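1. Test case, fold it:
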Amino acid sequence: MRVYNEIISVGRDNSTYIFALCDNVSTETCQTATPSQSCIVSSDNSTVRQTGVLSTVKKTLVEDGQVQYVYTAPGGGRGDNCLNRTSTYTIFCDKDIVTGNFTDLSCSYGSSNECHFNCTIRSYWACSTSSASSLSNSSIPSFSKILTIILFLLATISL
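-> Have a look, this model is predicted:
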C-alpha cells in the first residue's frame with residue numbers, strides 16, 4: 001500500500017500543482033535540484049515556481065474540516081525578483097477524495113514580483129477523525145461490560 005505524500009493536480013490554468021503534506025516533493029517531480037515542499041510546473045514544462053522552497057511553515061487547524069499551511073521565505077538573490085515569498089494552502093475536508101490527487105483546486109498569484117501563492121484544495125486529509133472514533137467508542141461495549149454479562153449468564157446457567 002502506498003502512502004500518498006505528494007498531492008498532484010492540474011489546475012484551471014493547466015499548470016501542474018504539487019504539494020507534499022510531509023517532507024519535500026521529489027526533485028524529479030519539481031524538475032529542480034533544490035528541495036521544496038510545493039511547486040507549480042507550467043503547462044509547457046518551461047517554468048517551475050517553487051512555492052515552498054527554503055520556507056518556514058506554519059500549519060494551522062483553522063476549523064474542523066479545514067487545515068491551512070502557510071509558508072514564508074525571504075526572496076531575492078535567486079533571480080526571481082521576489083522580496084518575500086508567501087504560499088498559503090488551505091485544505092478543506094472532502095471524504096469522497098481518498099487518493100493522492102486532489103480536485104477543486106484553485107490557485108492564484110499576483111505578478112512575478114509579488115510571489116504570493118494562495119491555493120485551496122479539497123481532500124480527505126483535512127477531515128476530522130473524532131466523529132469516527134466517538135462512533136466506535138459508543139457503539140462497542142467495553143470489556144468490563146461484556147465480562148459482567150458473561151459472568152451473569154454463567155451464574156444463571158449454573159443455577
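2. Confidence-wise, which helix or strand of this structure is lowest on average?
-> Using mean pLDDT, DSSP states H and E, helix 130-139 stands out as the lowest-scoring helix or strand of the chain, at a mean of 42.
3. Helix or strand: which one has N14?
-> Using DSSP states H and E, N14 sits in no helix or strand.
4. so where's this protein shaky on pLDDT?
-> Within the chain, the ranges that satisfy pLDDT under 70 run 1-13, 21-23, 27, 29, 31-36, 50-57, 73-85, 97-117, 129-159.
5. With just CA atoms, put the strand or helix carrying T120 into PDB.
-> If you go by DSSP H and E, T120 is part of strand 116-123. The C-alpha coordinates for strand 116-123 follow below in PDB (Å, rounded to 0.1, in the frame of the first residue of the first chain):
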ATOM      1  CA  HIS A 116       2.300  35.200  -3.300                       C
ATOM      2  CA  PHE A 117       0.500  31.900  -3.900                       C
ATOM      3  CA  ASN A 118      -2.900  31.100  -2.500                       C
ATOM      4  CA  CYS A 119      -4.300  27.600  -3.100                       C
ATOM      5  CA  THR A 120      -7.400  25.900  -1.900                       C
ATOM      6  CA  ILE A 121      -7.600  22.100  -2.000                       C
ATOM      7  CA  ARG A 122     -10.300  19.500  -1.300                       C
ATOM      8  CA  SER A 123      -9.000  16.300   0.200                       C
END
